[in-house]
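>>> Kindly generate the corresponding structure for this input.
(chains A, B, C and D)
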Number of protein chains: 2
Amino acid sequence: MGKRRKYEEIAEHLELTIVSGRLKTGDRLPSERDLMDRFEAGRSSVREALFVLQRKGLLSANAGAVARVAEPTADLMIEELSGIARLFLARPDGVRELQDARMLFEVGVTRQAAQRADADAVERIRAALAANEAAADGDSFVATDIAFHASIAEACGTRAYVAVGTAFSEWLHMQRTVSADAGATRAEASAQHRAVFEAIAAGDVVAAEDAMERHLKTVSTYYWKGIP
Amino acid sequence: MGKRRKYEEIAEHLELTIVSGRLKTGDRLPSERDLMDRFEAGRSSVREALFVLQRKGLLSANAGAVARVAEPTADLMIEELSGIARLFLARPDGVRELQDARMLFEVGVTRQAAQRADADAVERIRAALAANEAAADGDSFVATDIAFHASIAEACGTRAYVAVGTAFSEWLHMQRTVSADAGATRAEASAQHRAVFEAIAAGDVVAAEDAMERHLKTVSTYYWKGIP
DNA sequence: GATCTTCAACCTGTCATACCATTACGCTCG
DNA sequence: CGAGCGTAATGGTATGACAGGTTGAAGATC
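Numbers count the residues shown, from 1 in each chain, chains lettered A, B, ... in the order given. All right, here's what the predicted structure looks like:
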């Protein structure tokens, strides 16, 4: 049953020495040729092990220089999640499920924001809302729209939320066929954004959830209108 | 700036031919040596390309046999998420953020369940609750606890929820130091489970959310009690 | 004729070696 | 003491080789 491949053994060993703290961020790993000797493996196996660690974000490798221990960034997390999202989008019903998941996430973020936002956070959301309402063209409307949602996520104090939320926004904006009636949508969206903001500012959890849910339902509706 | 490595090019090309449907699930890919010729690359590069596709779950590769196109499973999604979770758990404040995220997720799932659960789904949740209350020892209590939460996720009709929710439960159960006062917790947990169930069955969205939130806060509290 | 066995071709996993472009580093030169 | 350069080391890629597993079909068995 020992189907364990060699690179898995090496990768696991290296990962352990990294997460256990024996190697800290920025430290230099031994060279590939060193590792060959140390693990009594060929270079292929060593390289595959380093490869998987690199794709996990634990290593940064540049040509000519030894690999260094890296701290996985939020961007990399997005990258991983992005792969998952692509599977969903390619599957029947995938877009609907992704919209569902976004609804779950954003409503939850709004809930937590309404519970925990302090004065500073509320002010930042207000600013994002104002910027969105002042957006001149369609592109900047989209950008400030995403920023508005991100400002709410920021209010929760959990760093990953911003990354995940932004990713959701981008995936679905990417999917969206050009929304012909963007003009009609904008006024509606702004009104709904304002309702979300005011509920959060007031600390009214239920109203905030409902407002965000209504907002996302509207967005979804406009999306499907563009689909035959 | 063209730092694109060779395997990326190959991987992208192959991924396109897969998701575009030119290769369907179960189809056999060309052999590595075929791909070498086709892309005018060495075997190293071809192997690295296949490697990343395999880790994305688009390929299933067994030694000796040519790679076949596979359909990414929910398990693989968990695998990816698991990697992300491990980073969180290794980081200061990571457990708290993960608990936060779980709260967001489970409360959202409960909300959607209260909105959409049909009679069948309610019945399944009731059964899961009964099984949990009848659990004899600690291990089976944990198992049926997870199953109860999963049954709620199932009621939402979005397949990924079950997988993500189960993963959350397992990560946090795994982290939990042995809860000495499990006896005291069980009665409390059962009462809270029942409250969640009844709110869902009644379709009372707000009550369901609140009940689940209270439940998870209790769980978190017990977790931190075990930490000096 | 159907099913089991065997076997040869093929494929991947791994190793070894070689070559190039890039980086790191010590040395020389100012 | 600092700047510039050249060399050694390193990763990225290509190629060849061999061991062990898989596959599919020919052959054996019933």
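
>>> Where does pLDDT dip in chain A?
Applying pLDDT under 70 to chain A flags the ranges A:1-3, A:138, A:175-184, A:226-228.

>>> quick one, domains of it?
Using automatic domain parsing, the domains assigned to chain A come out as A:6-69, A:75-225.

>>> As JSON lines, the ones you listed with mean neighbour count and distance to chain B would be great.
Using the backbone N, CA and C atoms, a C-beta is placed for each residue, glycine as well. Below are these laid out as JSON lines (neighbours: other Cβ atoms under 10 Å in any protein chain shown; distance: least, Cβ to the nearest Cβ, whole Å):
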{"stretch": "domain A:6-69", "mean neighbour count": "16", "distance to chain B": "5"}
{"stretch": "domain A:75-225", "mean neighbour count": "18", "distance to chain B": "4"}
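
>>> which one of the ones you listed lies closest to DNA strand D?
domain A:6-69 (3.4 Å; Cβ to the nearest atom of the strand).

>>> Do me a favour and get the end-to-end distance for the closest one?
21 Å (Cα to Cα, to the nearest Å).

>>> Run the contact check for it versus DNA strand D.
Yes - Domain A:6-69 is in contact with DNA strand D by Cβ under 7 Å from any atom of the strand, via A:29, A:31-34, A:43, A:47, A:61-67.

>>> Now do the helix or strand containing A:R102: which elements does it pack against?
Using DSSP states H and E, A:R102 sits within helix A:94-116. When contacts are defined as 3 or more Cβ pairs under 8 Å, 6 or more residues apart in numbering or on different chains; DSSP states H and E, helix A:94-116 sits against helix A:74-89, helix A:138-154, helix A:159-175, helix A:182-202, helix A:205-225, helix B:94-116, helix B:159-175.

>>> any idea of the angle the shortest one forms with helix A:94-116?
Helix A:74-89 runs at 140 degrees relative to helix A:94-116, counting by axes from the mean of the first three to the mean of the last three Cα atoms, to 10 degrees.

>>> So which residues on chain A come close to DNA strand C?
So far as Cβ under 7 Å from any atom of the strand goes, chain A lies against DNA strand C at A:5-7, A:36, A:40-45, A:48, A:62-65.

>>> Taking the residues you listed, tell me the two that lie furthest apart.
Maximum pairwise distance among those (Cβ to Cβ): 27.9 Å, between A:R5 and A:G64.

>>> ok, back up a step: looking at the residues of domain A:6-69 next to DNA strand D, which are in strands?
Residues of those located in strands (DSSP state E): none.

>>> and which of these is nearest to A:G108?
The shortest approach to A:G108 among the residues of domain A:6-69 next to DNA strand D belongs to A:A61, at 36.9 Å (Cβ to Cβ).

>>> The closest one: what's its closest spatial neighbour, skipping adjacent residues?
A:A67 (4.3 Å; Cβ to Cβ, 6 or more residues apart in numbering or on different chains).

>>> how much space is there between the one you found and B:G21?
From A:A67 over to B:G21 the distance is 37 Å, taken as Cβ to Cβ, to the nearest Å.

>>> ok, the residue nearest to A:A61 - contacts?
Neighbouring residues of A:A67 by Cβ atoms under 8 Å, 6 or more residues apart in numbering or on different chains: A:28-29, A:50, A:54, A:59-61.

>>> one more time with 10 Å, if that's ok
A:14, A:27-32, A:35, A:50, A:53-54, A:58-61 (Cβ atoms under 10 Å, 6 or more residues apart in numbering or on different chains).

>>> what's the spacing between it and A:K56?
Separation of A:A67 from A:K56 (Cβ to Cβ): 12 Å.

>>> thinking again about what came up before, can you give me the angle the helix holding A:R102 makes with helix A:205-225?
Using the same axes, to 10 degrees, the inter-axis angle of helix A:94-116 relative to helix A:205-225 is 160 degrees.

>>> mind checking how far the helix or strand following helix A:94-116 is from the chain centre?
For helix A:94-116, the following helix or strand on the C-terminal side (DSSP H and E) is helix A:119-133. A distance of 21 Å separates the centroid of the chain from that of helix A:119-133, by Cα atoms, centre = their mean, to the nearest Å.

>>> So which elements touch helix A:119-133?
With contacts defined as 3 or more Cβ pairs under 10 Å, 6 or more residues apart in numbering or on different chains; DSSP states H and E, helix A:119-133 has these neighbours: helix A:94-116, helix A:138-154, helix A:182-202.

>>> who's in contact with the most centrally placed residue in chain A?
In chain A, the centroid-proximal residue (Cα atoms, centre = their mean) is A:V164; its distance is 2.7 Å. For A:V164, the contact set (Cβ under 10 Å, 6+ apart) comprises A:74, A:77-78, A:81, A:101-102, A:105-106, A:109, A:153, A:158, B:101, B:104.

>>> same thing but at 6 Å, please
With Cβ atoms under 6 Å, 6 or more residues apart in numbering or on different chains as the criterion, no residue contacts A:V164.

>>> go on, A:H173?
Going by Cβ under 6 Å, 6+ apart, the list of residues near A:H173 reads A:V142.

>>> One more: A:E71?
Contacts here follow Cβ under 6 Å, 6+ apart; on that basis A:E71 touches A:T25.

>>> did I read that right, it in a helix?
No - per DSSP: H, G, I helix; E, B strand; the rest coil, A:E71 lies outside any helix segment and is coil.

>>> quick one: secondary structure of A:R22?
coil.

>>> That one and A:G57, how far apart?
Separation of A:R22 from A:G57 (Cβ to Cβ) stands at 18 Å.

>>> Near DNA strand D, which residues of chain A? Just list them.
Residues of chain A lying close to DNA strand D by Cβ under 7 Å from any atom of the strand are A:29, A:31-34, A:43, A:47, A:61-67.

>>> and if we set it to 10 Å?
A:2-3, A:28-36, A:42-44, A:46-47, A:50-51, A:54, A:59-68 (Cβ under 10 Å from any atom of the strand).

>>> Show me these that map onto helices.
A:32-36, A:43-44, A:46-47, A:50-51, A:54 (DSSP state H).

>>> May I see those arranged in TSV, with distance to B:A130 as well?
Formatted as TSV, these follow (distance: Cβ to Cβ, whole Å):
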residue	distance to B:A130
A:E32	57
A:R33	61
A:D34	59
A:L35	54
A:M36	58
A:R43	58
A:S44	54
A:V46	53
A:R47	53
A:L50	51
A:F51	49
A:Q54	48
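
>>> between those residues, which is closest to B:V205?
Within these, the smallest distance to B:V205 is 44.8 Å, found for A:Q54 (Cβ to Cβ).

>>> Wait, that closest one touches A:A61, no?
Yes - with contact defined as Cβ atoms under 6 Å, A:Q54 reaches A:A61; the gap is 5.3 Å.

>>> May I see the domains of chain A organised as TSV, with distance to B:Q115 added?
Listed next are the domains of chain A as TSV, based on distance: least, Cβ to Cβ, whole Å:
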stretch	distance to B:Q115
domain A:6-69	37
domain A:75-225	9
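
>>> before we move on, the earlier item: ok, so of the contacts of A:A67, who is nearest A:R91?
Closest approach between the contacts of A:A67 and A:R91, by Cβ to Cβ: A:Q54, at 28.6 Å.

>>> give the contact list for that closest one.
The contact partners of A:Q54, taken as Cβ under 6 Å, 6+ apart, are A:A61.
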